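**Q** Need coordinates for the following:
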Amino acid sequence: VMVVHEEPRAAMIGELDTPLGPLTIANTHLSFVPGWNRVQLRRLIRDLRGFPGPRVLMGDLNMTPPSPRRWSRMWSLGEATTFPADEPCHQLDHILTDDRALRVEACSAPRLPVSDHRALVVDISRA
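**A** Okay, the predicted model is just below:
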């Protein structure tokens, strides 16, 4: 049994006009507690469906592949190890979409001095 005094979690959601057309973008940091992060992801996906599509969800989901795809029913827009930053061996950070027409042109995980994770960076296009 894992007992954790969990900090509140939230998501920032914005509707953006992009060169690929309008996108709803959500960014979050989910719990590290196994199972609880899955509950949070499913609730976020439910709420995100209330916004216009297409939708992109990104952030530290504290899950390794293929769990985020399985529980969100969204497609991955990038795969790279992001944690720990010094010698990454796990992908905990993800970029997901419900738009099958979005394609990854480039994906990288650069180290930033402000985090114990690497950033997950993707360049996308529309098929």
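
**Q** roughly how far apart are Val122 and Asp60?
**A** Remark: distance between Val122 and Asp60 (Cβ to Cβ, to the nearest Å) = 15 Å. (Each C-beta comes from the backbone N, C-alpha and C, glycine too.)

**Q** next one: Asp123
**A** As judged by Cβ to Cβ, Asp123 and Asp60 stand 21 Å apart.

**Q** what do you get for Asp17?
**A** Between Asp17 and Asp60 the computed distance is 26 Å (Cβ to Cβ).

**Q** before we move on, what about Gly50?
**A** Distance check for Gly50 against Asp60: by Cβ to Cβ, it reads 23 Å.

**Q** give me the beta-bridge partners of the most centrally placed residue in the chain?
**A** For the chain, the residue nearest the mean C-alpha position is Met58 (2.7 Å; Cα atoms, centre = their mean). Taking DSSP bridges as the rule, Met58 bridges to Asn27, Ile95.

**Q** I'd guessed Ser31 sits against Arg43; true?
**A** No: Ser31 is beyond contact range of Arg43, at 11.5 Å (criterion: Cβ atoms under 8 Å).

**Q** These two - which one has more neighbours?
**A** The neighbour count for Ser31 versus Arg43, taken as other Cβ atoms under 10 Å, is higher for Ser31 (19 against 12).

**Q** what helix or strand does the more buried one sit in?
**A** Here Ser31, judged by DSSP states H and E, is contained in no helix and no strand.
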